[in-house]
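In: generate coordinates for the sequence data below:
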Amino acid sequence: QGLDLRFVAVFGLGTAGAAMATSLSQLICAGLVIWVLLRIPGDCRLHLSELRFDGALLRRMTAIGLPAGLATIMYSVANVIIQKAINLLGTDTAAAWSIYWKLDGFYWPISNAIGITVMTFAGQNFGARQLGRIYSVIHTGLWMHAGFSALFSVLMFLTRGLTVRFFTDDGNVMAEGSRIITMLAFFYPTFCCVEVLSSAMRGCGRSVMPTVLTLFGTCLLRLALPVSMSSLMLPVVANLDLLIVPQRLEAAGFHISQATEFFGYLTGMAVPLINLATIFTAAMTISLVPAISESRALNDVFGIRAKTRTAFRVALIITCPCFVGMYFLAEKIAALIYNAPGAADAIQTMSVGILLLGLHQISTGILQGLGRTSIPVINMILAAAVKVFLSWTLTAIPTLGIKGAAMATVVDFGLAAVLNMIFIYKYT
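Out: Okay, the predicted model is just below:
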């Protein structure tokens with residue numbers, strides 16, 4: 001906020017000054033994360049002079065993670081195409097789809113958690129050559145996922161009127177939102193086999209077949225029938241925005257239509273691009289969980305540390321260029337992909353989240369592989385609490401608006417990543 005006052009009041013730069021101050025604060029935040037990495041004691045410390053590839057580990061991680069990453073990229077590319085098509089259907093449809101998309105976002109983190117659990121245990125038992133236990137893991141995972149999916153479907157369907165009304169009073173948007181939920185609510189249980197069986201195959205080191213099935217059985221169908229399927233995996237904390245940001249934008253003096261538009265810029269355009277840019281770190285996370293689990297089962301401390309160092313080094317090499325590119329090309333990206341130049345500020349503000357989200361993904365995968373699955377959850381809750389406070393405070397500042405919400409999200413990513421890395425140092 002001090003930078004905003006100086007750039008706007010002292011230098012007289014207006015909204016450009018506020019944007020410059022926001023971007024500078026994000027760079028400072030990223031610099032602090034790197035500063036912590038450079039000074040953290042132990043094997044997780046970042047040594048710039050030692051940044052290099054470990055050929056054997058990289059080949060093994062790539063063999064498992066690259067196909068999974070390609071499968072995720074297919075989802076993200078389809079999401080971008082579908083979102084652009086929906087934007088052309090009118091403001092009512094776009095607003096209704098945005099509401100459904102936020103409700104839909106509550107499903108995927110839990111679905112992913114079950115998949116990661118199946119993958120972890122399948123990887124451990126595969127490494128220990130306990131093939132019989134893998135079948136038990138799959139059976140239990142299918143029941144868990146099917147039960148959760150059925151419960152989620154019923155709740156979403158029965159509460160569709162209440163939940164849609166919670167976000168808008170527009171009759172047309174409410175009717176369209178209820179219709180979308182009615183059409184899609186009961187399809188969630190069909191995903192249980194995709195999540196559980198694909199995760200089990202990846203845990204056993206077989207990543208190619210799930211990728212092929214995703215390409216021909218899911219992504220092409222999604223592009224062919226965009227009305228019937230659309231989902232984008234978002235962090236659970238991103239869903240906090242839908243409870244806070246629109247109301248705080250109105251408190252900042254924006255009209256409800258402006259608040260809805262700005263909120264769409266952040267959650268419907270900027271955040272999907274951030275996730276798209278971190279696809280490769282997400283793929284690395286998928287490969288890290290069984291790899292770390294295997295080393296842990298063998299009590300191979302050196303192997304755990306080597307894989308941890310390699311993962312962080314590769315993550316920095318991947319995310320830093322993506323962050324810089326998206327920051328400087330934000331305006332062109334917004335116009336080319338979404339045909340919405342107004343989204344450029346949100347995209348630019350969120351660009352540093354590529355680096356921080358990548359570090360968070362990698363550190364979460366390492367902790368899950370170490371069997372410390374509750375720690376990333378607790379860290380995310382703590383970071384989410386900070387995000388709620390910052391979103392509530394910064395979004396209501398007229399000079400920040402939606403940029404304040406983006407800043408809160410960036411801080412959330414960075415704080416969760418730092419907390420994860422502290423525990424990685426403790427347990428390795």
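In: which stretches of the protein form strands?
Out: Here the chain has no strands by DSSP state E.
In: need the helix or strand of it with the lowest average pLDDT.
Out: Least confident helix or strand, the chain: helix 220-224 with a mean of 57, by mean pLDDT, DSSP states H and E.
In: check what pLDDT Ile279 gets.
Out: Predicted confidence (pLDDT) for Ile279: 81.
In: again, but for Val352
Out: pLDDT at Val352 comes out at 91.
In: report how many residues lie close to it.
Out: Counted with other C-beta atoms under 10 Å, the neighbours of Val352 add up to 29. C-beta coordinates here come from the backbone N, C-alpha and C atoms, glycine included.
In: isn't Tyr425 up against Leu37?
Out: No: if you go by C-beta atoms under 8 Å, Tyr425 and Leu37 don't touch, sitting 10.6 Å apart.
In: the two: which has the busier surroundings?
Out: Leu37 (19 against 15).
In: quick one: the more buried one and Val118, what's the gap?
Out: 31 Å (C-beta to C-beta, to the nearest Å).
In: could you do Phe413 as well?
Out: Distance of Phe413 to Val118, computed by C-beta to C-beta: 26 Å.
In: check Thr22 too.
Out: Thr22 is 41 Å from Val118, where distance means C-beta to C-beta.
In: equivalent analysis for Phe302, please.
Out: 28 Å.
In: neighbour count winner among the two?
Out: Neighbours were tallied for Phe302 and for Val118 using other C-beta under 10 Å; the higher tally belongs to Val118 (27 against 9).
In: from memory that one sits against Val137, does it?
Out: Yes: using C-beta under 8 Å, Val118 makes contact with Val137 at a distance of 5.8 Å.
In: overlap in contacts, those two.
Out: Applying C-beta atoms under 8 Å, 6 or more residues apart in numbering, one finds that Val118 and Val137 are jointly contacted by Ala200.
In: what about the helices in the stretch 1-150 of the chain?
Out: The residue ranges that make up the helices of the stretch 1-150 of the chain, judged by DSSP state H, counting those that start in this stretch, are 2-5, 14-39, 55-87, 91-104, 107-127, 131-158.
In: quick one, which of these is nearest to Asp170?
Out: helix 91-104 (7.2 Å; C-beta to C-beta).
In: wait, what's in contact with Leu142?
Out: Counted by C-beta under 8 Å, 6+ apart, Leu142 has contacts Cys192, Cys193, Val196.
In: in ChimeraX, select just the buried ones from these.
Out: Only the buried entries of those go into this ChimeraX selection, using 16 or more other C-beta atoms under 10 Å:
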select :192,196
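In: for Thr163, state which of the contacts of Leu142 is nearest.
Out: For the contacts of Leu142, the nearest to Thr163 is Cys192 (23.0 Å; C-beta to C-beta).
In: wait, what's in contact with the nearest residue to Val352 once chain neighbours are set aside?
Out: Leaving aside its chain neighbours, Val352 sits nearest to Gln26 (4.1 Å; criterion: C-beta to C-beta, 6 or more residues apart in numbering). Residues in contact with Gln26 (C-beta under 8 Å, 6+ apart) are Thr349, Ser351, Val352, Met407, Val410.
In: cool, Cys322 as well?
Out: By C-beta under 8 Å, 6+ apart, the neighbours of Cys322 are Ala277, Thr278, Ile354.
In: residue ranges in the stretch 1-150 of the chain under the pLDDT threshold?
Out: Within the stretch 1-150 of the chain, the segments meeting pLDDT under 70 span 1-5, 7-11, 14-15, 60-61, 63-65, 67-79, 81-90.
In: 80 instead, please
Out: By pLDDT under 80, the weakly predicted segments of the stretch 1-150 of the chain are 1-22, 41-94, 102, 105, 127-128, 131.
In: how many neighbours does Thr22 have?
Out: When counting by other C-beta under 10 Å, one arrives at 24 neighbours for Thr22.
In: what's the distance between it and Glu331?
Out: Where Glu331 is concerned, Thr22 sits at a distance of 15 Å (C-beta to C-beta).
In: turn the contacts of Gln26 into CSV, including distance to Val418.
Out: Below are the contacts of Gln26 laid out as CSV (distance: C-beta to C-beta, whole Å):
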residue, distance to Val418
Thr349, 20
Ser351, 19
Val352, 14
Met407, 16
Val410, 13
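In: just those: which are in helices?
Out: Taking DSSP state H as the definition of helices, the contacts of Gln26 contribute Thr349, Met407, Val410.
In: any chance of those residues in a markdown table with distance to Ala16, pLDDT and neighbour count as columns?
Out: A markdown table is the format used below for the ones in helices among the contacts of Gln26 (distance: C-beta to C-beta, whole Å; pLDDT from 0 to 100; neighbours: other C-beta atoms under 10 Å):
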| residue | distance to Ala16 | pLDDT | neighbour count |
| --- | --- | --- | --- |
| Thr349 | 13 | 87 | 28 |
| Met407 | 17 | 89 | 25 |
| Val410 | 20 | 90 | 27 |
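In: tell me the one of these nearest Ala315?
Out: Of all the ones in helices among the contacts of Gln26, Ala315 sits closest to Val410, with 16.7 Å by C-beta to C-beta.
In: quick one, what contacts the closest one?
Out: For Val410, the contact set (C-beta under 8 Å, 6+ apart) comprises Gln26, Cys29, Thr349, Met350, Val352, Gly353, Leu356.
In: swap in Ala200?
Out: Ala200 makes contacts with Val118, Met119, Ala122, Ile134, Val137, Ile138, Gly141, as judged by C-beta under 8 Å, 6+ apart.
In: separation between it and Ile110?
Out: 18 Å.
In: over to Ser391?
Out: The spacing between Ser391 and Ile110, counted by C-beta to C-beta, is 22 Å.
In: which of these two has more neighbours?
Out: Ser391 (26 against 15).
In: that one and Pro246 touch, don't they?
Out: No: look at Ser391 against Pro246 with C-beta under 8 Å: they stay out of range, at 11.0 Å.
In: against Gly127, how distant is Asn299?
Out: The gap separating Asn299 from Gly127 is 12 Å, by C-beta to C-beta.
In: look at these two and report which has more neighbours.
Out: Each of Asn299 and Gly127 has its neighbours counted (other C-beta under 10 Å); Gly127 has more, 19 against 8.
In: for Gly369, see how far away the more buried one is.
Out: 11 Å.
In: need the overlap of contacts for those two.
Out: Common neighbours of Gly127 and Gly369, counting by C-beta under 8 Å, 6+ apart, are Pro290, Ser293.
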